[in-house]
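*Asks:* generate a structure from the sequence data that follows.
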Amino acid sequence: MSRVIVVTGAGGPAGRAVVGRLAGRGDTVVAVDKTGADGALAVDLLDRDAVRGLAERVRAEHGRVDGVVHLVGGWRGSKTFAETSLDDWDLLHDLLIRTLQNVSLEFEPLLRASGDGRFVIVSARAARKPVKGGAAYAAAKAAAEAWTLSLADAFTGTSAAAVVLVVTALVHDEMRAANPEKPYRTFTDVQDLAAAVEALWDQDAAEVNGRRIDLTPDTAG
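*Replies:* A predicted model of the protein is given here:
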């Protein structure tokens, strides 16, 4: 069955992989990116009114929303804890938390009304195991997880689900080409991320709602 799925942060490598995967199976994908890259809708997700307008536009044009894959990301860090910049925190708060809040609040009613809605974010292992130079990043990711799991609780008993996909980091072909000697053993390929997103509709909402699914490759041996 074709679904209507909104992908935010669609202009990045992960976004392009997810958009391609979902469109390839016949879904109607509404790609959203602040820059409007690759034909995506240009929307400032920090602007709550703009996000509300996006939700209303998708509902008006397609009648429903069956999924939101929120891929707005960013990273900032330092060598030591003492060198942590609160300017980095401000940036990460906006990218990783505020955009999530605006998108989830505006699309929650549409996902709840869907017969099989999914809301997905990508988090990092750092949220549960912060390191000294990654305080701002880990704290922002932890907050994003908590927000999404609160949404999952709101979806309890409905046909919608909110899910956290966890990675150590993401890798794509351009990164490998630029650093051919680097093994990237613990990195998750963006194509594998896209496959994991697609698979969330293969299970009942109750089975995936509120789950943290770790996509880090098994590096044993």
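*Asks:* could you point out the longest helix in the chain?
*Replies:* Taking residue count as the measure and DSSP state H as the definition, the longest helix of the chain comes out as helix 135-155.
*Asks:* now do the buried residues in that helix.
*Replies:* Applying a neighbour-count criterion of 16 or more other CB atoms under 10 Å, one finds 135-145, 147-149, 151-152, 154-155 buried in helix 135-155. For every residue, glycine as well, the C-beta is placed using N, CA and C.
*Asks:* packing partners of the very next helix or strand once past that helix?
*Replies:* Moving toward the C-terminus from helix 135-155, the first helix or strand encountered (DSSP states H and E) is strand 161-167. With contacts defined as 3 or more CB pairs under 8 Å, 6 or more residues apart in numbering; DSSP states H and E, the secondary structure elements packing on strand 161-167 are strand 118-124, helix 135-155, helix 190-199, helix 205-208, strand 212-214.
*Asks:* show residues contacting strand 161-167.
*Replies:* Contacts to strand 161-167, defined as CB atoms under 8 Å, 6 or more residues apart in numbering, come from residues 104, 117-125, 127, 145, 148-149, 151-152, 155, 187-188, 193, 196-197, 200, 205-206, 208-216.
*Asks:* now that strand and helix 135-155, what's the angle there?
*Replies:* 150 degrees (axes from the mean of the first three to the mean of the last three CA atoms, to 10 degrees).
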